[in-house]
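**Q** Just a sequence and a predicted model for now, questions to come.
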Amino acid sequence: MTGPTAAALLAQFAPLAACAAVLLGLRTRARAAQAVAITGMAVSFAASVWLVAAVAIPDRSLLAQTVFLPVDAAHALAFGVLLDPLSTVMALVVATITLAVMVYSTGYMHDDPGVARYFGFLALFGWAMQGLVLSANLLQTLVFWELVGLASFLLIGFWFDRPAPAAAARKAFLMTRVGDVGFLLGVLLLIRALGLATIPDVVAAAGVGGGLSPRFVTITAALLLMGAIGKSAQGPLFTWLPDAMEGPTPVSALLHSATMVAAGVYLVARLHPFFLAAPVVMHWLLIVALATALATATMAMVAGDIKRVLAYSTISQLGYMFMGLAAGSTAAGFFHLTTHAGFKALLFLSAGIFIHHAHTNEMREINARDPLAQRAGVIGLVAGSAALAGIVPFSGYFSKEAILASLGAGAGWPVVALAYLGAGLTAYYAFRMVFLTLVPAPAPRQPHGGHLVRPGAGERAMRVTVLVLAALTLVLGYLGPFFGARLSPGEAARGAFEIGGGAVAALALVGAGIGLAWYEFGRRGAARIGFAERVPALARFFGDNWYLDRLYRATVIRWATALSRAAHWNDERIVNGATDGLANGAVGGGRILSLVQNGYVQAYLAVVVTVIAVLAAVLARVGGVR
Amino acid sequence: MTAPGGYLTISVALFCIGLYGLVQRRSLIAMLIALELMLAAASLNVVALTALTAGAQHLAVTRQIGVGHGSSVGQVVALILIGVAAAEAAIALSLFVAIQRYASTINVEDLSELKG
């Protein structure tokens, strides 16, 4: 076993060991559980750093796979690791964010009674996500994909004794399953065609002369994309993500913005040449992603819950990543994934600081509870929003520029125009959030009452995490050429500060968005009501997920419920009814027949004699037995 | 009516009286007495039939079963039946005593524990 392989295994199994230790042995010992989980994740982080240094920076590519349980000559089960710049950088992103969130959670979940369970689940997620990122074949990817879904379910429903998180967990699990059906079918088709579905083989087979027909590639790519769309909350399957905000805020930062939901993007980036061999699918992905990005941006414009704003912006940004990939640039999509992981985790964790102190998610209520006192939170929120909006020195600017540039190269002008419009909307809702949360409202403010949490011991962990991530938003943007050289070597390299017409237009739109937000929310005497919120019908439409949930309730959910009712009726009445009827018939028949057994011996005797007499008479008449 | 025919008539009458008593009477002892009447009817029937078939050597059935003139099979059977009746009476009466001890009655209408 070579060094990188060993490091990759270490990166996966350290969190698993921590998870097992915490969930099996330390359920009642919160501090030990925290220490074990963080140690496991720190080991994983160190291994990932080493992997990046050993694999990504020299731009190597390694595949180590063990094949066992061969079914026949071509088919077998295989597990292994695939190490290249894409997977190792993603592993580092996952490890970094997971570690940051764990450290942050020591403060945020400080007084929760289930904190050991929480850290166990976080470690479970760390294992599943590292396994997903480093897996060498698609079957293995699918296994970890589902484990990630399980961890997401457990963490959204962490406060399962309350109805809303329990319902949100179920919704997230079921909705992502819809997409996973397609993923499963796609993987099975590939295994049937290729035997093993090892990722480089799959990619190679889709290429020219690779042996797979274009029709097969298109169907398989569409099926695999279903899984990616479900996991990354795109298109029709995104409504689970805003509801998933019922989970603890660090969980939202980790799973539902930075890492897990990016798994779909990662899958498409991982198999990018395969997907590019199916241009029809990529075309539809572009349209779906664009529609999702714009639609969820409008939803974010009217949401009042800070976590919901961030959730919608996550979906919107995931849409941008998919657009970059669909336009043909692995580097742009993955670059945006990396920067987004950093600044979105930062935004959630900053929001978590405010939520922790104000005990509410509503931006207007947070505003009334002296948010400016949380200086780390203010810094984090402003820096994260600047990155989200795409302001020049922050990371989001560079990656969004890369995506817009790749769209300019690989998509038609309507798409590009709408993508620029989306960038403006992003700036608008990001700074609407900032102004609404931070700029003091003219309304009478609540005094800094005693009911607020006094800064405790865990606060420092939260502040430090947020500040580190805020510093990262200033750094990550310069990785563009690194990704460009390794992931899309064919593309023209672009300098970090290369200002073209596109960048100027984007910055102008961003400025317009921020200006509008300032006019409506930020300036002194502003009405603090957005233009979309002034039209009640529009506000309701945007605020209610474009009525998509209602549509699902009225159609799919209703049909599924009717079907399960019918199945239940069939089970109760037909299947159970048949056996029940048989049993009841036997019992009833027995009851009736038992009336004959009246217990009077003389009655029996009379019957016996009568029967014999009748038989004798009959026999005498027919002339005996013949 | 010839003499054996009269015996058979009496036998039938006895049997019917016994059957009537067995079905009609509610006391176990009365039923036992009626049963003894039926046994007596059967014994009489056997003896009468032996006598009846004395002059019927030409019948194949009488040759086959080895009875005929001077045969004492009927008497022997009747004697055995008397013995059986005595044994039966002894057993039945002891059962009646046991029932009386158990249920404090020998009225069959009250002895209906096997009612369904």
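**A** In hand now; what should we look at?

**Q** residues in chain B within reach of chain A, list them.
**A** B:19, B:22-24, B:26, B:31, B:108-109, B:111-116 (Cβ under 8 Å from any Cβ of the partner chain). Where you see a C-beta, it was placed from the backbone N, CA and C, and this is true even at glycine.

**Q** please redo it, this time with the cut-off set to 6 Å
**A** Residues of chain B that fall close to chain A, judged by Cβ under 6 Å from any Cβ of the partner chain: B:23, B:108, B:112, B:114-116.

**Q** Is it possible to mark the buried ones in those?
**A** residue B:108 (16 or more other Cβ atoms under 10 Å in any protein chain shown).

**Q** Closest to residue A:145 out of the residues of chain B next to chain A?
**A** residue B:116 (64.7 Å; Cβ to Cβ).

**Q** coming back round to it: look over the residues of chain B next to chain A and name the one with the lowest pLDDT score.
**A** Among these, residue B:116 carries the weakest pLDDT, at 66.

**Q** Scan chain B for its longest helix.
**A** The single longest helix within chain B, with elements called by DSSP state H, is helix B:73-103.

**Q** from the chain's centre, how far out does that one sit?
**A** With Cα atoms, centre = their mean, to the nearest Å as the basis, helix B:73-103 stands 11 Å off its chain's centre.

**Q** Also stretch A:474-488?
**A** That offset, for stretch A:474-488, works out to 25 Å (Cα atoms, centre = their mean).

**Q** could I get the residues of chain B next to chain A as JSON lines with secondary structure?
**A** Converted to JSON lines, those look like this (DSSP: H, G, I helix; E, B strand; the rest coil):
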{"residue": "B:23", "secondary structure": "helix"}
{"residue": "B:108", "secondary structure": "helix"}
{"residue": "B:112", "secondary structure": "coil"}
{"residue": "B:114", "secondary structure": "coil"}
{"residue": "B:115", "secondary structure": "coil"}
{"residue": "B:116", "secondary structure": "coil"}
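
**Q** ok, the residue most central in space within chain B to residue B:80 distance?
**A** Closest residue to the average C-alpha location of chain B: residue B:39 at 1.0 Å, with Cα atoms, centre = their mean. To residue B:80, residue B:39 is 11 Å away according to Cβ to Cβ, to the nearest Å.

**Q** which residues does residue A:160 contact?
**A** residue A:166 (Cβ atoms under 6 Å, 6 or more residues apart in numbering or on different chains).

**Q** quick one: it from chain B, how far?
**A** 55 Å (Cβ to the nearest Cβ, to the nearest Å).

**Q** repeat for residue A:418
**A** From residue A:418 to chain B the distance is 84 Å (Cβ to the nearest Cβ).

**Q** Quick check, pLDDT for that residue.
**A** 89.

**Q** how about it, what does it touch?
**A** Residues counted as contacts of residue A:418 (Cβ under 6 Å, 6+ apart) are residue A:290.

**Q** Assign it to one of the three secondary structure states.
**A** helix.

**Q** just to revisit the earlier point, mind picking the two most distant members of the residues of chain B next to chain A?
**A** Every pair of the residues of chain B next to chain A checked by Cβ to Cβ; the farthest is B:23 and B:116, at 20.6 Å.

**Q** thinking again about what came up before, quick check, nearest of the residues of chain B next to chain A to residue A:46?
**A** Distances from residue A:46 to these, taken as Cβ to Cβ, are shortest for residue B:116 (82.3 Å).

**Q** any idea how far residue B:36 is from whichever residue of the stretch 251-400 of chain A sits closest to chain B?
**A** Per Cβ to the nearest Cβ, residue A:251 is where the stretch 251-400 of chain A lies closest to chain B, at 67.3 Å. Using Cβ to Cβ, we find residue A:251 at a distance of 96 Å from residue B:36.

**Q** the more surrounded of the two?
**A** Using other Cβ atoms under 10 Å in any protein chain shown as the criterion, residue A:251 and residue B:36 rank with residue A:251 on top: 30 against 17.

**Q** I'd guessed that one sits against residue A:155; true?
**A** Yes. Residue A:251 lies in contact with residue A:155 (Cβ atoms under 6 Å); the separation is 4.4 Å.

**Q** element containing residue 50?
**A** Looking at chain A here, since you left the chain open. helix A:30-51 (DSSP states H and E).

**Q** was after chain B, sorry
**A** Going by DSSP H and E, residue B:50 is part of helix B:28-52.

**Q** what residues does that helix touch?
**A** Helix B:28-52 is contacted by residues B:4, B:7-8, B:11, B:14-15, B:17-18, B:21-22, B:25, B:74, B:77-78, B:81, B:85, B:92, B:96, B:106 when judged by Cβ under 6 Å, 6+ apart.

**Q** Once you drop chain neighbours, what's closest to the residue minimising distance to the centre of chain A?
**A** For chain A, residue A:261 is the residue whose C-alpha lies nearest the centre (Cα atoms, centre = their mean; 3.4 Å). Nearest non-adjacent residue to residue A:261, counting by Cβ to Cβ, 6 or more residues apart in numbering or on different chains: residue A:232, 5.2 Å away.

**Q** CA atoms of stretch A:156-173 as PDB?
**A** Taking C-alpha atoms only, stretch A:156-173 is exported to PDB below (Å, rounded to 0.1, in the frame of the first residue of the first chain):
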ATOM      1  CA  ILE A 156     -31.900  17.300  10.500                       C
ATOM      2  CA  GLY A 157     -34.100  15.300  12.900                       C
ATOM      3  CA  PHE A 158     -31.600  15.800  15.800                       C
ATOM      4  CA  TRP A 159     -34.400  17.400  17.800                       C
ATOM      5  CA  PHE A 160     -36.700  14.600  16.900                       C
ATOM      6  CA  ASP A 161     -39.000  15.300  19.900                       C
ATOM      7  CA  ARG A 162     -40.300  18.400  18.100                       C
ATOM      8  CA  PRO A 163     -42.700  17.800  15.200                       C
ATOM      9  CA  ALA A 164     -41.200  20.300  12.700                       C
ATOM     10  CA  PRO A 165     -37.600  18.800  12.700                       C
ATOM     11  CA  ALA A 166     -39.000  15.300  12.500                       C
ATOM     12  CA  ALA A 167     -41.200  16.100   9.600                       C
ATOM     13  CA  ALA A 168     -38.300  18.000   7.900                       C
ATOM     14  CA  ALA A 169     -36.000  15.000   8.300                       C
ATOM     15  CA  ARG A 170     -38.600  12.700   6.700                       C
ATOM     16  CA  LYS A 171     -39.200  15.100   3.900                       C
ATOM     17  CA  ALA A 172     -35.400  15.500   3.200                       C
ATOM     18  CA  PHE A 173     -34.900  11.700   3.200                       C
END
